[in-house]
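1. Here you go, sequence then predicted model.
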Amino acid sequence: MLVVMEAKATKEEVTTVISYLQSLNLKAEELPGANRVAIGVTGNKKHISHQEVQRMPGVKELIQVTHKYKRVSREFYPDNTIVKVKNALFGGNAPVLIAGPCSVESEDQIMRTAEMLKSLGVEVLRGGIFKPRTSPYDFQGLGYKGLELLKKASVASDLPICVELMNPEDISLFEHEVDIIQIGARNMQNFDLLKKLGKIQTPVLLKRGASSTVEEFLLAAEYILDGGNSNVILCERGIRTFETSTRNTLDLNSVALIRKMSHLPIIVDPCHAAGRHDLVTPLAMAAMAVGAQGLIIETHPEPFKALSDANQQLDFEQFSEFVSQYKRIQEVLKPVVSLK
Ligand code: PEP
Ligand code: MN
């Protein structure tokens, strides 16, 4: 529920309403907003007397938020959330590019990749170190050694790093060593993990589960915001459908829809959606056209030798070609991307 206050309501009137709601064991907080003073209310509202709140001094109206998700909704926060990662602003005026290999494999591989990305203006370096592989016999990642290599590449290139977290026990390490904590599709509904991420302030890249609805995706983000961390970047990475000719089906409806329903930034991962390198650039362009606020792209110096996702990673030449298309489409799309 939203309690919208009169524009002329005093600070005391706002505080009195908040204290009253809190006395009913509800979470109530003043919501920032340029054009209104409002109080967001979450929790079990069974015992609330709406009339009583409606009649409190300074209260203009009560609005029931119809969606299950509250804090991620634009009804609660009308303005775009901007997640700051070093110099990159997710949800700001310009899209943000995250790129790097699926897995960190060697010092030479990650150093060369970081250098190439930096030279092309990419803002964030990605690399998996604990890999969620479907088969236990596939490469599982370099683990903590991989993090050391990523940090070395980050220092050399001055790029922040985005790394997937799998084990809740690693949260305190990732909180300080990683610039963006990625939660992969397979862990999108790992609610204990999400609750713990709500207790820190490190930005989280939350990828959509392969079989999750948009509502389930937004409710997963709601767990993190409800815990107290609003630095959440959403990522559409394709969903599983009846279509098997590509690895997943890129659901671009979700991007256009989420731009309307939520204030959180949303980016797109065309690599995991397509599963093949030759479709990455066209899908990336389509994602930009529907309002994606950034992209995450897998690239590798020698994709054919990659230890994971070999078929969907761009080689450096393909990546450079992708970047020139990405720059060109931004020029055309400026007015579209700024739409809410
Ligand atoms: C990845 O980004 O390497 C990854 C495993 O992605 P997803 O969780 O979307 O499958
Ligand atoms: Mn991958």
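-> Great, that's in hand. Ligands and ions are numbered 1, 2, ... in the order given.
2. Stretch 51-63 spans what distance, first to last residue?
-> 13 Å (C-alpha to C-alpha, to the nearest Å).
3. do stretch 20-30 as well
-> For stretch 20-30, the end-to-end distance is 13 Å (C-alpha to C-alpha).
4. Report the buried residues of it.
-> Of all the residues in stretch 20-30, those buried under the rule 16 or more other C-beta atoms under 10 Å are 20, 21, 24, 26, 28, 30. C-beta here means a position set from N, CA and C on the backbone, and glycine is covered the same way.
5. Also stretch 102-112?
-> Neighbour count says stretch 102-112 has 102, 103, 104, 105, 109, 110, 111, 112 buried, by 16+ other C-beta under 10 Å.
6. So the first one versus ligand 2, what's the distance?
-> Taking C-beta to the ion, to the nearest Å as the measure, residue 102 falls 3 Å from ligand 2.
7. rewinding a little: can I get the buried residues of stretch 20-30 in CSV including secondary structure?
-> Formatted as CSV, those follow (DSSP: H, G, I helix; E, B strand; the rest coil):
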residue, secondary structure
20, helix
21, helix
24, coil
26, coil
28, strand
30, strand
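8. Could you tell me the model confidence score at residue 339?
-> As predicted, residue 339 sits at a pLDDT of 51.
9. Also residue 304?
-> 97.
10. Chain neighbours aside, what residue packs nearest to it?
-> residue 310 (6.1 Å; C-beta to C-beta, 6 or more residues apart in numbering).
11. And for residue 78?
-> That would be residue 33: by C-beta to C-beta, 6+ apart, it lies 5.8 Å from residue 78.
12. Please report phi then psi for that neighbour.
-> phi -170, psi 140 (degrees, to the nearest 10).
13. what number of residues lie near it?
-> 13 (other C-beta atoms under 10 Å).
14. ditto for residue 95
-> For residue 95, the neighbour count with other C-beta under 10 Å is 24.
15. If the closest residue in space to it that isn't next to it in sequence is in a bridge, with which residues?
-> Spatial nearest neighbour of residue 95, excluding adjacent residues (C-beta to C-beta, 6+ apart): residue 294 at 4.7 Å. Beta bridges link residue 294 to residue 96, judged by DSSP bridges.
16. Just confirm residue 294 contacts residue 92, I think it does.
-> No. Using C-beta atoms under 8 Å as the test, residue 294 is too far from residue 92 to be in contact (9.8 Å).
17. Run through the residues that contact the closest residue to ligand 1 within the chain.
-> Proximity of the chain to ligand 1 (C-beta to the nearest ligand atom) peaks at residue 184, 2.8 Å away. For residue 184, the contact set (C-beta atoms under 8 Å, 6 or more residues apart in numbering) comprises 132, 164, 166, 207.
18. and with 10 Å instead?
-> Residues near residue 184 by C-beta atoms under 10 Å, 6 or more residues apart in numbering: 128, 130-132, 164-166, 190, 205-207, 209-210, 235, 237, 272.
19. Could you do residue 181 as well?
-> Going by C-beta under 10 Å, 6+ apart, the list of residues near residue 181 reads 162-165, 170-171, 174-175, 193, 197, 200, 202-206, 229, 231.
20. thinking again about what came up before, what subset of the contacts of residue 184 is also close to ligand 1?
-> Filtering these for neighbours of ligand 1 using C-beta under 6 Å from any ligand atom leaves 128, 132, 207, 237, 272.
21. Quick check: residue 80 vs ligand 2, distance?
-> Distance, residue 80 to ligand 2, by C-beta to the ion: 28 Å.
22. SS state for that residue?
-> Using three-state DSSP, the structure places residue 80 in coil.
23. And the pLDDT at it?
-> For residue 80, the predicted pLDDT is 94.
24. I'd like to know how many residues surround it.
-> The number of residues near residue 80, taken as other C-beta under 10 Å, comes to 18.
25. How about it, nearest residue that isn't a chain neighbour?
-> Per C-beta to C-beta, 6+ apart, closest to residue 80 is residue 91, 4.9 Å.
26. Please apply the same query to residue 166.
-> That would be residue 130: by C-beta to C-beta, 6+ apart, it lies 4.6 Å from residue 166.
27. quick one, what contacts that neighbour?
-> 103, 140-144, 146-147, 163-167, 170, 184.
28. out of these, which are buried?
-> The neighbour count (16+ other C-beta under 10 Å) marks 103, 140, 141, 142, 146, 147, 163, 164, 165, 166, 170, 184 as buried among those.
29. Distance of the fourth one relative to ligand 2?
-> Shown here: residue 142 relative to ligand 2, a distance of 14 Å by C-beta to the ion.
30. For that residue, give me the backbone phi and psi.
-> Main-chain dihedrals, residue 142, degrees, to the nearest 10: phi -80, psi -10.
31. and stretch 297-306, C-alpha only, in CSV?
-> Only the C-alpha atoms of stretch 297-306 are listed here, as CSV (Å, rounded to 0.1, in the frame of the first residue of the first chain):
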residue,chain,number,x,y,z
ILE,A,297,28.5,-10.5,-23.8
GLU,A,298,30.9,-13.5,-23.6
THR,A,299,34.2,-13.1,-25.4
HIS,A,300,37.3,-15.3,-25.5
PRO,A,301,40.6,-15.0,-27.3
GLU,A,302,40.2,-18.5,-28.7
PRO,A,303,36.5,-19.5,-28.3
PHE,A,304,37.0,-22.9,-30.0
LYS,A,305,39.3,-23.8,-27.1
ALA,A,306,37.0,-22.4,-24.4
